[in-house]
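Novice: Here is a sequence together with a model predicted from it:
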Amino acid sequence: MDQFDSVVQLLDSNGSVVANSQFTSTLSQSELLGFYRDMVLVRTLDEQATALQRQGELGLWAPLLGQEAAQIGSARAMQKQDFAFSTYREHGVAWCRGVDPVDMLRFWRGTMHQGWDANHYRDYGYQIIIGAHALHATGYAMGAQLAGRVGSGEAEKDQAVMAYFGDGAMSEGDVNEAFVFAASYQAPVVFFCQNNQWAISEPTRRQSRTPLAQRAVGFGIPGIRVDGNDVIACYEVTEHALHRARSGQGPTLIEAVTYRMGAHTTSDDPTKYQLFSDVELWRERDPIKRLKIYLQTKGILSAELETQLAGEASALAQRMRDECRELPDPKPSSMFDHVYADTDINLEKQRAEVEAILIQSMEN
Ligand SMILES: Cc1ncc(C[n+]2csc(CCOP(=O)(O)OP(=O)(O)O)c2C)c(N)n1
């Protein structure tokens, strides 16, 4: 079993390439430009959603500021047939899986009853209950295994599952139980822990005496620590772990070491517990800045492309502002939508009952 002791980094905070004995970048120029575009647009999306919440248009928002590389690098390593189980902060993963930014806002504006249309957004779902989805992901992965969609050698058939969660979730029973099942059954699941240093105001150092990735060893799972602000390294280690999973070699735990540059959610004031000097230190390690320097130095990112991307970002921001305010209220009975894949007679009875009560209340 391969273990990786040090933090995997392929691009340092100055945008310089770092040699690594186990991983090298396999990415083309256009893929790197694509990652840069993703990160810039996802940061725009995040800034806009934060502003919309401040203007009273959203009930809440969980910012991802600083975690763009961890999310884009890992999610872009997934293949179409893979499935992501994620938390409330993974807007970058949602973006990569094709979720429209305005649809992300529906959840936070309260204009949906939480159920995604599984036919539309097949492989993505927000999760508020910390750690619970690590078990869902493992169960789903065991299902894929039982269905013969692992280790067949067919590129478009073999499937892996990503479970995204934070450092705080590593202290939850659910996550540790998921590790036991995933290891025992060699399930095709990649546990992707974004160690953003904080579980609301609780620092990681108080919750764990060892680097989180090292805990994997006790479960019989390989653990990899990666620089979570290095999009290239995040892509490569995730690609490696997903390949292992799809080919039947079992689970991996990835700890992406990063920093939450913003508030836990818009209802939190991080200045009460984060040191200004720490925030400044991590600002220097900004994931977008380092890729930008690299791309500019290599002559891949021209001024013209930058202007084009700025235009794209401003159009996205405008669309979010316009369409957020227009989001329709859901029908109360739509809470019954998307509960089961097939029609369920008992659920339909309940839907009819609710609709009858609503009609009656309107008549009175
Ligand atoms: C089971 C459960 N317990 C407690 C909470 C309250 N809660 C919401 S976010 C959070 C901290 C999570 O921290 P972490 O796992 O590091 O993820 P991050 O928010 O930093 O992305 C807690 C305790 C919850 N949502 N679910």
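Specialist: On my side now, so go ahead.
Novice: so how far is E312 from the residue in the chain that the ligand sits nearest to?
Specialist: Shortest the chain-to-the ligand distance, computed as Cβ to the nearest ligand atom: residue-wise this is G166, at 2.2 Å. All C-beta atoms are positioned from the backbone trio N, CA, C, and that covers glycine. From G166 over to E312 the distance is 30 Å, taken as Cβ to Cβ, to the nearest Å.
Novice: I288 and G66, how far apart?
Specialist: 10 Å.
Novice: which one of those two has more residues nearby?
Specialist: G66 (26 against 19; other Cβ atoms under 10 Å).
Novice: ok so, going back, which of G166 and E312 has more residues huddled nearby?
Specialist: Under the criterion of other Cβ under 10 Å, the comparison of G166 against E312 puts G166 first, with 24 against 14.
Novice: Quick check: chain neighbours aside, which residue is closest to the residue nearest the centre of the chain?
Specialist: Closest to where the C-alpha atoms of the chain average out (Cα atoms, centre = their mean) is E90, at 3.3 Å. Using Cβ to Cβ, 6 or more residues apart in numbering and skipping residues adjacent in sequence, the residue nearest E90 is Y164, 5.2 Å away.
Novice: likewise W198?
Specialist: Using Cβ to Cβ, 6+ apart and skipping residues adjacent in sequence, the residue nearest W198 is R260, 5.3 Å away.
Novice: and what of A256?
Specialist: What sits nearest to A256 in space, not counting adjacent residues and going by Cβ to Cβ, 6+ apart, is G228, at 3.2 Å.
Novice: what secondary structure does V226 sit in?
Specialist: At V226 the chain is in strand, as set by DSSP: H, G, I helix; E, B strand; the rest coil.
Novice: Please look at the residue nearest to A256 and Q194 and confirm they touch.
Specialist: Yes: using Cβ atoms under 8 Å as the test, G228 is close enough to Q194 to be in contact (6.2 Å).
Novice: between those two, what contacts are shared?
Specialist: Jointly contacting G228 and Q194 under the rule Cβ atoms under 8 Å, 6 or more residues apart in numbering are Q67, A70, A256, T258.
Novice: Report the secondary structure element holding the third one.
Specialist: Counting by DSSP states H and E, the element that carries A256 is strand 252-257.
Novice: counting contacts, what elements does that strand pack onto?
Specialist: Packing partners of strand 252-257 (3 or more Cβ pairs under 8 Å, 6 or more residues apart in numbering; DSSP states H and E): helix 68-75, strand 189-195, helix 215-219, strand 223-227, helix 231-246.
Novice: same for the lengthiest helix in the chain, what does it pack against?
Specialist: The single longest helix within the chain, with elements called by DSSP state H, is helix 29-54. Where contact means 3+ Cβ pairs under 8 Å, 6+ apart, helix 29-54 is packed against helix 68-75, helix 91-96, helix 101-109, helix 231-246, helix 287-297, helix 303-325.
Novice: gap between the residue of the chain closest to the ligand and R109?
Specialist: From G166 over to R109 (counting by Cβ to Cβ), the distance is 24 Å.
Novice: Compare neighbour counts for G228 and Q194 and give me the winner.
Specialist: Using other Cβ under 10 Å, the more surrounded residue of G228 and Q194 is G228, with 31 against 28.
Novice: Please tell me how far the more buried one sits from L212.
Specialist: G228 is 12 Å from L212, by Cβ to Cβ.
Novice: same check, this time on I200
Specialist: 17 Å.
Novice: what about the two, which has more around it?
Specialist: L212 (21 against 13).
Novice: In space, what's closest to that one - neighbours in sequence excluded?
Specialist: In space, L212 is closest to E255, 4.5 Å off (Cβ to Cβ, 6+ apart).
Novice: so the one you found makes contact with I224?
Specialist: Yes: contact criterion Cβ under 8 Å: E255 and I224 qualify, at 7.1 Å.
Novice: what touches both of those two?
Specialist: Here E255 and I224 have A213 as joint contacts, going by Cβ under 8 Å, 6+ apart.
Novice: The nearest residue to R325 once chain neighbours are set aside - how many residues pack around it?
Specialist: Spatially, and ignoring its direct neighbours in sequence, R325 is nearest to E57 (6.4 Å; Cβ to Cβ, 6+ apart). E57 has 18 neighbours, counted by other Cβ under 10 Å.
Novice: Please spell out the segments of this structure that come in under the pLDDT threshold.
Specialist: 1-5, 118-119, 122-125 (pLDDT under 70).
Novice: Show me which residues of it sit near the ligand.
Specialist: Residues of the chain found near the ligand (Cβ under 6 Å from any ligand atom) are 87, 89, 128-130, 165-169, 196, 198-200, 260, 264.
Novice: Can you verify the residue nearest to E90 is assigned to a helix?
Specialist: No: if the criterion is three-state DSSP, then Y164 is strand and not within a helix.
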